[in-house]
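# 3D model of this:
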Amino acid sequence: VDAQSNRVGCVRRTVAFLGGSITEMHGFRPRVMTALRARYPEIDFVEIAAGLSSTCSDAGACRLQRDVLAHGVPDLFVVEEAVNDDQDGHFDATHARRGLEGIVRQVKEANPACAVVVGLLVNRGQYATLLKGETPIQYAAHAEVARHYGAAVADVGSALAASAKAGGFAWEGYRDCHPSPEGCDFAAQVVMKAVEGAFDPHRPGEA
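Numbering: from 1, shown residues only. Take a look at the predicted model:
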């Protein structure tokens, strides 16, 4: 990837998003891009939007080359598969772990310096599990992969459950696995916090 933009004096960084319909929709993803551009106006951010409805982590691993890497090697990669691994794939821990690892490993092979953020978005069932103080199967599996590869985790579901327990923003405002506008704002804030801790756009990459 050419790190220099066509705009003189600007550095170009590629940000890729992979996931299901939560990534595909006009939701947390464009909000994160807006936040990145506002925080780093001196950086020319190029977005690869590779959300595809009803796809799980195994499908993501299979289509990563076509839908992401064929368009550019990311400096920042945000992946969201926990919801569909639950409600579409009904994956057990092994299947969820293998699917996400298939994605992250390919990204790291393409660019070892890429900052990876694993987004744990949430559906109603996962939210209920979190409110009981338990961890959804897919959350645990994806977090294990994140730890192994040194990726950041944006745990939207746990943040929402904690907010609800404290009397703040809760499922009623978040609305659905496809969040309301306010839910998208909430999710984007959690994802952006993880991004800020993992990604320095001024650091030269290895891609």
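# going forward, measure contacts and count neighbours with C-alpha atoms only.
OK.
# Settle this for me: A170 is touching S158, isn't it.
No - using Cα atoms under 8 Å, A170 is not in contact with S158; the gap is 11.0 Å.
# Show me where the chain has its helices.
Listed in chain order, the helices of the chain (DSSP state H) span residues 21-24, 28-39, 57-67, 82-87, 93-110, 124-131, 137-149, 156-165, 171-174, 181-198.
# which of the ones you listed is buried the deepest?
Highest mean neighbour count among those (mean count of other Cα atoms under 10 Å): helix 82-87, with a mean of 25.
# as a whole number, average confidence for that one?
Mean per-residue pLDDT for helix 82-87: 98.
# Starting from D185, give me the distance back to A166.
Distance, A166 to D185, by Cα to Cα, to the nearest Å: 19 Å.
# whoops, A93 was the one
Distance from A93 to D185, by Cα to Cα: 29 Å.
# and if you look at F77?
Going from F77 to D185 by Cα to Cα gives 19 Å.
# got it, and C56?
Counting by Cα to Cα, the separation of C56 from D185 is 23 Å.
# just A143 next, same as before
23 Å.
# got it, and P41?
P41 is 21 Å from D185, where distance means Cα to Cα.
# Same question for E144.
Distance of E144 to D185, computed by Cα to Cα: 26 Å.
# closest to A49 out of the helices of the chain?
Among the helices of the chain, helix 21-24 comes nearest to A49, with 7.2 Å by Cα to Cα.
# So, low pLDDT: which residues of this structure?
Within the chain, the ranges that satisfy pLDDT under 70 run 1-9, 204-207.
# what's near enough to touch the residue lying closest to P179 once chain neighbours are set aside?
Nearest residue to P179, sequence neighbours excluded (Cα to Cα, 6 or more residues apart in numbering): G27, at 7.4 Å. By Cα atoms under 8 Å, 6 or more residues apart in numbering, the contact list for G27 reads P179, P181, C184, D185.
# quick one: which of those residues is nearest to G99?
Nearest to G99 out of these is P179 (Cα to Cα; 24.1 Å).
# Next, count neighbours for that closest one.
Around P179 there are 22 other residues, counting by other Cα atoms under 10 Å.
# measure C56 to L160 for me?
Remark: distance between C56 and L160 (Cα to Cα) = 22 Å.
# Please apply the same query to G102.
The separation that G102 has from L160, given Cα to Cα, amounts to 28 Å.
# do the same with A61
Per Cα to Cα, A61 is found 28 Å from L160.
# Give me the distance between the residue nearest to A35 when sequence neighbours are not counted and A152.
Nearest residue to A35 in three dimensions, chain neighbours excluded: M192, at 7.5 Å (Cα to Cα, 6+ apart). According to Cα to Cα, M192 and A152 sit 11 Å apart.
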